[in-house]
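S.K.: I would like to see how this sequence folds:
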Amino acid sequence: ASGRPAAVVVTSGTAVANLLPATVEAAADRVPLLLLTADRPAELRDTGANQTVAQVGMLGPLRWFKDVPPPAESEPLVAWLADAAYAA
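M.R.: Got it, this is the predicted structure:
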């Protein structure tokens with residue numbers, strides 16, 4: 001193992017739930033993972049839409065978690081990316 005994190009990218013909903021076994025195994029073996037998941041904007045969550053699940057907190061305690069908002073001119077994306085780089 002290289003000790004470098006493996007990046008895993010999934011869509012929203014139950015795709016995030018499918019990450020649980022890999023997350024548990026990686027944590028037990030001390031293999032770093034970078035999980036990038038998609039979700040609906042905050043204002044569209046908990047609306048009862050089809051094929052949606054509550055993703056925030058689904059994978060239990062993680063080393064670092066950030067719920068990044070959709071891009072907006074008032075909040076440059078670079079600030080969020082700098083925060084993510086700090087966590088690495």
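S.K.: Distance check, W80 against P32.
M.R.: For W80, the distance to P32 equals 20 Å [Cβ to Cβ, to the nearest Å]. The way it works is simple: take the backbone N, C-alpha and C, and place the C-beta from them, glycine included.
S.K.: likewise T23?
M.R.: For T23 relative to P32 (Cβ to Cβ), the value is 11 Å.
S.K.: Which one's more surrounded, these two?
M.R.: T23 (17 against 14; other Cβ atoms under 10 Å).
S.K.: Pick out the least confidently modelled helix or strand of this protein, by mean pLDDT.
M.R.: In the chain, the helix or strand scored least confidently by mean pLDDT, DSSP states H and E is helix 77-87, which has a mean of 70.
S.K.: mind listing what the nearest residue to A49 once chain neighbours are set aside touches?
M.R.: Setting aside the residues directly before and after it, A49 is nearest to R40 in space (Cβ to Cβ, 6 or more residues apart in numbering), at 7.6 Å. Neighbour list for R40: 12, 49, 52 [criterion: Cβ atoms under 8 Å, 6 or more residues apart in numbering].
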